[in-house]
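Novice: show me the folded form of this:
(one chain, ligands or ions: 1)
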Amino acid sequence: MSSIVDGHWVGPVVDQHIHLDRSNRYLSAIEEFVRVGGTGIMLVHKPGFSGSLPLDKEGYRRAYSETISMADEVREKFAITVGVVIGPHPVAWERQISELGIDQASELHLESVDLALELIEQGKAHCLGEVGRPHYEVSEETWTKANENLSQIMAEAAISKVPIQLHVEDAGSQTYSEISQMAVQAGLPLSQTIRHYAPPNVSSDFTYGLACTVSVGRGSVEGLVSTYANASASWGMETDFLDDSRRPGAVLGPKTIPKRTDELCSALLAESNPNDVENLLFKIHSEWPSKLYGIEF
Ligand SMILES: [Zn+2]
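Specialist: You can find the predicted model right below:
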């Protein structure tokens, strides 16, 4: 049962985009998350940017099975819900070009999407991601190919009826506008096209009806409070915790979602009745992610 007790949210709290690494904080990061009220995560495949990237399909198979086995361990160790997100990172593809050439890198990229979809079909994972396009400036040839690949990936996800978490550049509503057009063309429902690392504006005139998981950094609660009433699609929260000792401050820490949920709860209570606040928090942390990923949060 979820409810608000003494002004605090007592109910599900889900981080929809978190990476883990056995050689870094790994289980201790989850322990911290659970200790402050976390109840569920979407564990996202961590590309080995600091080591070597897979150069063949078998490399991807090993990387995905690593993510899947970490999810099993987290479930065993903590009584939380763990969904798995696997897929080839667009930045990995862009880096593989220098070693493989653009055609072979793209072939490997699409093959590793097929592999991810197979594993999702088998019930070992629940979402394709993070897929998308580089978030930094690239050559025109690379940009065109990235978009071709993404359109193809969206079409395959649509056929498999699988939701996707998208890694894209941050060009405000322009990004949303382009991505939503591509999704519509590919036959992928906007409700299953989830923009990851989204800014704290969930209003539909900004998101073009795409689902999103908001990076809830400091100050994000204000943005959510002023836009949530105009949201047409589901949205959630994420840290994009990287579990990387080389980039400790690059992303939000494991305690952020419980903390920010509590902040959101207080801010909403100041202007709405407790029943409505309860309903919204339950949607964010249970109803919407359960529906998106097909598992019970
Ligand atoms: Zn990520």
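Novice: make it CA atoms for all contacts and neighbour counts henceforth
Specialist: Will do.
Novice: buried stuff in stretch 280-297?
Specialist: 280-289, 292-293, 297 (16 or more other CA atoms under 10 Å).
Novice: show me where this structure has strands.
Specialist: Counting by DSSP state E, the chain has strands at residues 3-5, 8-10, 14-18, 40-44, 81-86, 127-132, 164-167, 193-198, 211-215, 235-238.
Novice: quick one: list the elements packing against the last one.
Specialist: Counting contacts by 3 or more CA pairs under 8 Å, 6 or more residues apart in numbering; DSSP states H and E, strand 235-238 packs against strand 14-18, strand 211-215, helix 288-293.
Novice: again, but for the third one
Specialist: Here strand 14-18 touches strand 40-44, strand 235-238, going by 3+ CA pairs under 8 Å, 6+ apart.
Novice: same check, this time on the second one
Specialist: If contacts are counted by 3+ CA pairs under 8 Å, 6+ apart, strand 8-10 sits against strand 3-5, helix 256-269.
Novice: partner strands of that strand, with direction?
Specialist: Next to strand 8-10 in the sheet, as set by DSSP bridges, lie strand 3-5 (antiparallel).
Novice: over to the fifth one?
Specialist: On the basis of DSSP bridges, the sheet neighbours of strand 81-86 come out as strand 40-44 (parallel), strand 127-132 (parallel).
Novice: of those strands, which approaches Tyr176 most closely?
Specialist: Nearest to Tyr176 among the strands paired with strand 81-86 is strand 127-132; the distance by CA to CA comes to 12.2 Å.
Novice: circling back: can you redo the helices and strands packed on strand 8-10 as JSON lines with mean neighbour count, mean pLDDT and distance to Phe33?
Specialist: Listed next are these as JSON lines, based on neighbours: other CA atoms under 10 Å; pLDDT from 0 to 100; distance: least, CA to CA, whole Å:
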{"stretch": "strand 3-5", "mean neighbour count": "14", "mean pLDDT": "93", "distance to Phe33": "20"}
{"stretch": "helix 256-269", "mean neighbour count": "20", "mean pLDDT": "97", "distance to Phe33": "8"}
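Novice: I am finished for the moment; much appreciated.
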